[in-house]
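Undergrad: heads up, no residue letters with this:
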């Protein structure tokens, strides 16, 4: 089967801590907490003092103008217990730039891969995460400004720096009550018999739409066993989107929570000194009004890196200057379309890799663009009627709503289990709903799409569709990432259903619509 068109690749090393920092910090702490300064500035600064925090001195940050776009550098640090005694320096394997842009009504995200080979000012060339070990957040800021300013030919402004650790992430997720996540497949690894420090983390997360809390959410996004940075990054980008658009998270923007949010922020995150200046906090409050007023689209910008000819020997990652300049310009100025426009800025970047081996060897965005035209045609389909009916016979007695199954599936794909996963999920009020999930593999490593049914008719994932289309009399709800369909859903009077694309949007728009239009249920 030919490789299908895909959206741009997110960068390597985008771990859960950066995602929660980006969402909880930017969408909550840097807005709701900052909004409180209009009344009680001392509550914010006092929160850091009460938790023993010392703001980071980074003279290289640039003060943003009121009402203008603002770029945050989010650092995810792996400062685990015992590292100091062992003489190990804290590491930052997450470097995430988040641009909140009220004038353009967008948020842009650009992840910088930790193994990128760059010039570190004053220390020669090395992987970019070495900057943090050598000089902490300040050296990291200098390095990123040198890298991106060099490709732009002008200064690259970073307005604020926020740092968070593993423990801070888990607690932040728990503080917002967990996150509803559309899990594409089962993630499992039993590490109980491995020696300390060996093997991968223990994890057992089942497929399907569900609410993940602290440790489970961390395990899900950090999953490494049998996976790759390629899919981890895509999974983490999707997690970011799902967090930022949930009403349960947005409710925390209530100004009545200003004191508790200030203390949570001060306890779990570190910031640069300028962040706590009254003038900066007031500007953040103004930005908070923008974020609180609407669900702002998130543009995921791919970092166009490529591997060495033999990555088993040389693990450094590289980039072409022209490709990086284009990605940075998109990050700063936008251009990604939502709702299926062929002019999407996202689709202007690298398309999908043509084979599983090319996932391991990332080519530049220019080579991806050359291959995109040859992989854009829709693949064929194969009948799934018999298998689907067999699943329905098993599922119908266990559900209080109709079980829909695909009458056809993409050619070359297959169900990962002969029976659906049937389970319950609590909504935001605690009421439990019946649900089921069908998982299908495309036949390519790491690529799974799914069919979800749930008696909860208004799950957060179906909030605010980008458009609608009627197929075979069924009103479909369309949700895009750039020009690529990621979710196609619909509702009946009893339940809600949707088709989930692969994490990398590996199915074409026509395939997504055909699958959704072809869902059937037993008529008894």
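TA: Arrived safely. Predicted model, so just to flag it, every value in this text is computed and none were measured.

Undergrad: ok, the nearest residue to residue 467 once chain neighbours are set aside to residue 178 distance?
TA: Of all residues not flanking residue 467 in the chain, residue 478 sits nearest, at 4.4 Å (Cβ to Cβ, 6 or more residues apart in numbering). For glycine as for every other residue, the C-beta is placed from the backbone atoms N, C-alpha and C. Computed as Cβ to Cβ, to the nearest Å, the residue 478 to residue 178 distance reads 27 Å.

Undergrad: what about residue 140, helix or strand, and which?
TA: In the assignment (DSSP states H and E), residue 140 maps to helix 130-152.

Undergrad: Residue 391 now?
TA: helix 385-395.

Undergrad: List the buried residues of stretch 478-491.
TA: 478-490 (16 or more other Cβ atoms under 10 Å).

Undergrad: if we can go back for a sec, who's in contact with the helix holding residue 391?
TA: Outside helix 385-395, the residues within contact range by Cβ atoms under 8 Å, 6 or more residues apart in numbering are 403, 405-408, 415, 418-420, 422, 436, 438, 520-522.

Undergrad: so which one among these has the lowest pLDDT?
TA: Lowest pLDDT among the contacts of helix 385-395: residue 522, with 83.

Undergrad: Over stretch 150-159, what's the mean pLDDT, rounded is fine.
TA: Stretch 150-159 comes out at a mean pLDDT of 96.

Undergrad: pLDDT below threshold where in the stretch 151-300 of the chain?
TA: Low-confidence segments of the stretch 151-300 of the chain, defined by pLDDT under 70: 191-201, 224-230, 232-233, 237, 244-268, 288-295.

Undergrad: Would you enumerate the residues in contact with residue 413?
TA: 382, 440-443, 449.

Undergrad: My error: substitute residue 64 in the last question.
TA: 70-71, 157, 159-160, 280, 283.

Undergrad: Mind pulling up the pLDDT for it?
TA: So, for residue 64, pLDDT stands at 87.

Undergrad: Now do the same for it: helix, strand or coil?
TA: Under DSSP: H, G, I helix; E, B strand; the rest coil, residue 64 falls in the coil class.

Undergrad: Look up how far residue 142 lies from it.
TA: Distance, residue 64 to residue 142, using Cβ to Cβ: 19 Å.

Undergrad: what does residue 416 give?
TA: From residue 416 to residue 142 the distance is 47 Å (Cβ to Cβ).

Undergrad: Look at the two and report which has more neighbours.
TA: A side-by-side neighbour count of residue 416 and residue 142, using other Cβ atoms under 10 Å, places residue 142 first with 18 against 15.

Undergrad: Which residue comes closest to that one once chain neighbours are left out?
TA: Spatial nearest neighbour of residue 142, chain neighbours left out: residue 121 (5.0 Å); criterion: Cβ to Cβ, 6+ apart.

Undergrad: wait, is that neighbour part of a strand?
TA: No - read with three-state DSSP, residue 121 is coil and lies in no strand.

Undergrad: just checking, it touches residue 140?
TA: No - using Cβ atoms under 8 Å, residue 121 is not in contact with residue 140, being 10.7 Å away.

Undergrad: The two: who's more crowded?
TA: Each of residue 121 and residue 140 has its neighbours counted (other Cβ under 10 Å); residue 140 has more, 27 against 14.

Undergrad: so what's that one up against?
TA: 73, 75, 92, 95, 128, 131-132.

Undergrad: From the contacts of residue 64, which land in strands?
TA: Counting by DSSP state E, those place 70-71, 160 in strands.

Undergrad: how about the strands in the stretch 51-200 of the chain?
TA: Applying DSSP state E, counting those that start in this stretch to the stretch 51-200 of the chain gives strands spanning 70-78, 91-101, 106-112, 117-119, 125-127, 160-165, 179-183, 187-189.

Undergrad: in its sheet, what does the last one sit against?
TA: Partner strands and pairing direction for strand 187-189 (DSSP bridges) are strand 203-205 (antiparallel).

Undergrad: which residues touch the first helix or strand past the partner strand going along the chain?
TA: Next along the chain after strand 203-205, taking DSSP H and E as the criterion, comes strand 208-212. Strand 208-212 is touched from outside by 173, 178-183, 205, 220, 421, 423, 425-426, 435-437, 450, 452, 454, 459, 461, with contacts defined as Cβ under 8 Å, 6+ apart.

Undergrad: Kindly report the same for stretch 415-430.
TA: 177, 185-186, 206-211, 247-248, 384, 387, 390-391, 394-395, 398-399, 403, 432-441, 448, 454, 456, 459.

Undergrad: gap between the two ends of it?
TA: One end of stretch 415-430 sits 31 Å from the other (Cα to Cα, to the nearest Å).

Undergrad: got it, and stretch 495-503?
TA: This stretch, stretch 495-503, spans 24 Å end to end (Cα to Cα).

Undergrad: can you list contacts of that stretch?
TA: By Cβ under 8 Å, 6+ apart, stretch 495-503 touches 182, 184, 231, 234-235, 238, 401-402, 404, 442, 446-459, 461-462, 477, 484-491, 507, 512, 515-516, 519.

Undergrad: List only buried entries from the contacts of helix 385-395.
TA: Among the contacts of helix 385-395, the ones that count as buried (16+ other Cβ under 10 Å) are 403, 405-408, 415, 420, 422, 436, 438, 520-521.

Undergrad: now the residues you listed as JSON lines including secondary structure?
TA: Putting those into JSON lines (three-state DSSP) gives the following:
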{"residue": "403", "secondary structure": "coil"}
{"residue": "405", "secondary structure": "strand"}
{"residue": "406", "secondary structure": "strand"}
{"residue": "407", "secondary structure": "coil"}
{"residue": "408", "secondary structure": "strand"}
{"residue": "415", "secondary structure": "strand"}
{"residue": "420", "secondary structure": "coil"}
{"residue": "422", "secondary structure": "strand"}
{"residue": "436", "secondary structure": "strand"}
{"residue": "438", "secondary structure": "strand"}
{"residue": "520", "secondary structure": "strand"}
{"residue": "521", "secondary structure": "strand"}
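
Undergrad: taking those as a set, which two sit the farthest apart in space?
TA: Distance extremes for the buried ones among the contacts of helix 385-395: the farthest pair is 408 and 422 at 22.7 Å, using Cβ to Cβ.

Undergrad: hang on, the earlier thing: okay if I get the buried residues of stretch 478-491 as JSON lines plus pLDDT?
TA: Output for the buried residues of stretch 478-491, formatted as JSON lines (pLDDT from 0 to 100):
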{"residue": "478", "pLDDT": "96"}
{"residue": "479", "pLDDT": "92"}
{"residue": "480", "pLDDT": "88"}
{"residue": "481", "pLDDT": "78"}
{"residue": "482", "pLDDT": "72"}
{"residue": "483", "pLDDT": "81"}
{"residue": "484", "pLDDT": "86"}
{"residue": "485", "pLDDT": "93"}
{"residue": "486", "pLDDT": "92"}
{"residue": "487", "pLDDT": "96"}
{"residue": "488", "pLDDT": "98"}
{"residue": "489", "pLDDT": "97"}
{"residue": "490", "pLDDT": "95"}
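
Undergrad: Just flag the most distant two among those residues.
TA: 482 and 490, at 22.2 Å, using Cβ to Cβ across the buried residues of stretch 478-491.

Undergrad: First-to-last residue distance for stretch 458-475?
TA: By Cα to Cα, one end of stretch 458-475 lies 15 Å from the other end.

Undergrad: With stretch 116-136 instead?
TA: Using Cα to Cα, the two ends of stretch 116-136 sit 17 Å apart.

Undergrad: pLDDT averaged over that stretch, what's the number?
TA: When pLDDT is averaged over stretch 116-136, the result is 93.

Undergrad: That one: which residues count as buried?
TA: For stretch 116-136, burial by neighbour count (16+ other Cβ under 10 Å) applies to 116-118, 120, 126-133, 135-136.
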